[in-house]
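>>> let's see this in three dimensions:
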Amino acid sequence: MPGSWVVFVFLGDSITAGYQQGPGNLPPRYYPYTNMLESTIRMKLKEREAEKDVAIENMGMDGDSTSGMINRFAMSVTPEKPEYVVIMGGLNDLFTRVPDDDVYRNLVQLTQLSREIGAEPIMLSTTPVAGAVDFNERIEALNDRLAGYCEENGVRFIDLFSELLGDGVLAKEFSNDGVHLSDGGYKKMISVLAPLLLELVEG
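The predicted model follows:
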């Protein structure tokens, strides 16, 4: 039996939730990437006979904004008593013309709320979109500010934006609708996150 559990809470919008538009005329669905991520890490822990286990709670919400994430933090995150809070958001804010400074401040506040409950924040970059290089430049500018804050304040920052980019926009193989991630996009996300999370669980 594992000696201790390490709990991660993923907090964000529909991309965190796993929402994806099916290809062609298929209906939308939710891709269970956090379950797959949890299983991948658990398998590695078993192989290494580590006396630890992992739980990943997905608290993504379709259509959520960074201010919405702040408002529901006490309800969605705090009761889970996580060791780590994985934060990703901002696209819905940018789409609805929320000022970039407000989006940045909200994401910074989420790292502070995480630390207030004794959890370590992990910031995932806001992901790119298809067909709008100028909009992606705005996303990239936000990510650059977040990366700078994280470096200065000892917060882990994971650059998913660059991993999902192709010719300045969200690569076609990673999305069916130009915004949300496809199976390939989530598999890419798993490949980026699994080694880091495994390292954190092993301590």
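
>>> where does this protein have low pLDDT?
1-3 (pLDDT under 70).

>>> isn't Tyr19 right up against Asp62?
Yes. Here Tyr19 reaches Asp62: they are 5.7 Å apart, a contact under C-beta atoms under 8 Å. Using the backbone N, CA and C atoms, a C-beta is placed for each residue, glycine as well.

>>> if I pick the most centrally placed residue in the chain, what's in contact with it?
Geometric centre of the chain, nearest residue: Met88, 4.1 Å, by C-alpha atoms, centre = their mean. Neighbouring residues of Met88 by C-beta atoms under 8 Å, 6 or more residues apart in numbering: 10-13, 15-16, 123-127, 160.

>>> secondary structure and neighbour count for the residues you listed - can I get that in JSON lines?
Formatted as JSON lines, the contacts of Met88 follow (DSSP: H, G, I helix; E, B strand; the rest coil; neighbours: other C-beta atoms under 10 Å):
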{"residue": "Phe10", "secondary structure": "strand", "neighbour count": "25"}
{"residue": "Leu11", "secondary structure": "strand", "neighbour count": "28"}
{"residue": "Gly12", "secondary structure": "strand", "neighbour count": "24"}
{"residue": "Asp13", "secondary structure": "coil", "neighbour count": "24"}
{"residue": "Ile15", "secondary structure": "helix", "neighbour count": "25"}
{"residue": "Thr16", "secondary structure": "helix", "neighbour count": "23"}
{"residue": "Met123", "secondary structure": "strand", "neighbour count": "25"}
{"residue": "Leu124", "secondary structure": "strand", "neighbour count": "25"}
{"residue": "Ser125", "secondary structure": "coil", "neighbour count": "23"}
{"residue": "Thr126", "secondary structure": "coil", "neighbour count": "27"}
{"residue": "Thr127", "secondary structure": "coil", "neighbour count": "25"}
{"residue": "Leu160", "secondary structure": "helix", "neighbour count": "21"}
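
>>> of those residues, which is the nearest to Arg138?
Thr126 (9.6 Å; C-beta to C-beta).

>>> hang on, the earlier thing: who has more neighbours out of Tyr19 and Asp62?
Using other C-beta atoms under 10 Å, the more surrounded residue of Tyr19 and Asp62 is Tyr19, with 20 against 15.

>>> who touches Leu170 in this structure?
Taking C-beta under 8 Å, 6+ apart, one finds 127-130, 136, 164, 178-179 in contact with Leu170.

>>> among those, name the ones in helices.
Using DSSP state H, the members of the contacts of Leu170 that fall within helices are Asn136.

>>> could the contacts of Leu170 go into a markdown table alongside distance to Asn58?
Listed next are the contacts of Leu170 as a markdown table, based on distance: C-beta to C-beta, whole Å:
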| residue | distance to Asn58 |
| --- | --- |
| Thr127 | 16 |
| Pro128 | 22 |
| Val129 | 22 |
| Ala130 | 24 |
| Asn136 | 26 |
| Leu164 | 19 |
| Gly178 | 23 |
| Val179 | 19 |
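
>>> which one of the contacts of Leu170 sits closest to Thr34?
Looking at the contacts of Leu170 and their distance to Thr34, the nearest is Thr127, at 15.7 Å (C-beta to C-beta).
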